[in-house]
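**Q** Just need the structure, nothing else, for what follows:
(one chain, ligands or ions: 1)
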Amino acid sequence: MNSLSAPCVVVGGGPAGMMLGYLLARAGVEVLVLEKHGDFLRDFRGDTVHPSTLQVMHELLLLDRFLALPHQRIAELRVRVRDRMIPVADFTHLPIRCRFIAMMPQWDFLNFLAREGERYPSFRLLMSTEATSLIEEEGRVVGVKARGPGGPFEIRASLVVGANGRQSPLTGQSGLTGASFGAPMDVLWFRLSRRTDDPMDAMGTFAAGQILVSLNRGDYWQCAYVIPKGTLDDLRRRGLPDFGVIGVPTTVPLIAIVDDDDSMRGAISGLMRAVGFAAASFSSAEDFLNSEQVEHAKCLIADVNMPGMSGLDLHRHLVQSGNRIPTILVTAYPNEVVRSRALAAGVLCYFTKPFPEHDMLACINSALNGNCTG
Ligand SMILES: Cc1cc2nc3c(=O)[nH]c(=O)nc-3n(C[C@H](O)[C@H](O)[C@H](O)COP(=O)(O)OP(=O)(O)OC[C@H]3O[C@@H](n4cnc5c(N)ncnc54)[C@H](O)[C@@H]3O)c2cc1C
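**A** Sure, this is the predicted structure:
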């Protein structure tokens, strides 16, 4: 049987083992990290990289390279309880470098640590290599037996670190016992497709006895559905609930914004998303009419004066074509005649820019609650 030796062997190339291997190698300690899988692909595991972890990456001078990897940022977490969006975490106040959670697949994180570790000659990572048992001599652990692509071999080491996760025969063999905290729930993870007009932010939805967390992963939602421990079999029999009822993000009302002024369009879209609506914006009435969103919008905010079709003409066109989207007009050039015509034509509210946010939101809520003549 072949044999290797190293001052330190780390069993397990998860976040704990890879980070320890990196830190030891960086400190000049020769280290072997063994990972039984051939890659780091573990879907959904550790995808939220928290601000405290990012701070560690910053202190290790790894942050800039790390954040060059594709990721999404979450600066605020909000939960929806019934129809209300409630902020529960705002990372923007943290007194550290990164005031957000970075959403990144764990395999990107681990591949990154592997690449960084390989900059040091004292770091060695053996993939597809499983530690099969501990080697004990005179009551001391002095290494591990392992099986790799080339067959079984031994590694002699002054220090063996088990970073092999929760369920591993090595842990039992070591005589160490874990502490169980008795978590009363399980989490089902799944993907839902994400539409371009869905809200940007991550959110949790709470309803009676139901918790659903939805994380924005670009073209899909990563969803975590929390169930009481021991109820999985029952759920399998009953099937998943109607998430539309407990309110997944796709049911968030869509507000369409049509304005040729880029900054105004951006500001209104930002406001809509901040209060939990989905927003789709267009620089002209024609673009909106040619889009799919014309079928989905629950409320329309349109500028009065635009090149091409005006906001009032857009409203009239929609009414004539039988699509009575509640409409709010905004303008930088208030005109009493136009205002009267607009209200007579069924426009819900007419605001002069800049308008008070709470007036706009009150008008939208009124539209969504059906209190409009449309
Ligand atoms: C579904 C899910 C979602 C999660 N989401 C998040 C999240 O969003 N954010 C977050 O921070 N944390 C999250 N976690 C927790 C996070 O994944 C764990 O805290 C973390 O992976 C623990 O790291 P670890 O290195 O201790 O163990 P593990 O990640 O379990 O790594 C152990 C490694 O050891 C290897 N191994 C085992 N036995 C051997 C052996 N005999 N020889 C060689 N290799 C071996 C395994 O293949 C594995 O790669 C999530 C966990 C789960 C299950």
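
**Q** ok, whichever residue of the stretch 51-200 of the chain sits closest to the ligand - contacts?
**A** When scored by CB to the nearest ligand atom, the stretch 51-200 of the chain has residue 165 as its residue closest to the ligand, at 2.8 Å. Bear in mind the C-beta positions are built from the backbone N, C-alpha and C, glycine included. Neighbour list for residue 165: 12, 14 [criterion: CB atoms under 8 Å, 6 or more residues apart in numbering].

**Q** What distance do you get for it to residue 231?
**A** 25 Å (CB to CB, to the nearest Å).

**Q** Share the number of residues neighbouring the spatially closest residue to residue 219 that is not a sequence neighbour, please.
**A** Once flanking residues are discounted, residue 219 sits nearest to residue 194: 5.7 Å by CB to CB, 6 or more residues apart in numbering. Neighbours of residue 194 under the rule other CB atoms under 10 Å: 19.

**Q** Could you report the separation of residue 194 from residue 296?
**A** On the measure of CB to CB, residue 194 and residue 296 end up 14 Å apart.

**Q** related to what we said a few turns ago, would you agree the residue of the stretch 51-200 of the chain closest to the ligand falls within a strand?
**A** No. Using DSSP: H, G, I helix; E, B strand; the rest coil, the assignment for residue 165 is coil, not a strand.

**Q** And the pLDDT at it?
**A** Model confidence at residue 165, given as pLDDT, is 86.

**Q** Residue 89 now?
**A** On pLDDT, residue 89 comes in at 85.

**Q** Which of the helices or strands spans the closest residue to it other than its chain neighbours?
**A** Spatial nearest neighbour of residue 89, excluding adjacent residues (CB to CB, 6+ apart): residue 77 at 4.1 Å. For residue 77, the element it lies in under DSSP states H and E is strand 76-81.

**Q** C-alpha coordinates for that strand, PDB please?
**A** Provided in PDB are the C-alpha atoms of strand 76-81 (Å, rounded to 0.1, in the frame of the first residue of the first chain):
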ATOM      1  CA  GLU A  76     -32.400  43.800   2.900                       C
ATOM      2  CA  LEU A  77     -34.600  40.900   3.800                       C
ATOM      3  CA  ARG A  78     -38.300  41.400   3.900                       C
ATOM      4  CA  VAL A  79     -41.200  39.100   4.800                       C
ATOM      5  CA  ARG A  80     -44.700  39.300   3.600                       C
ATOM      6  CA  VAL A  81     -47.400  38.700   6.200                       C
END
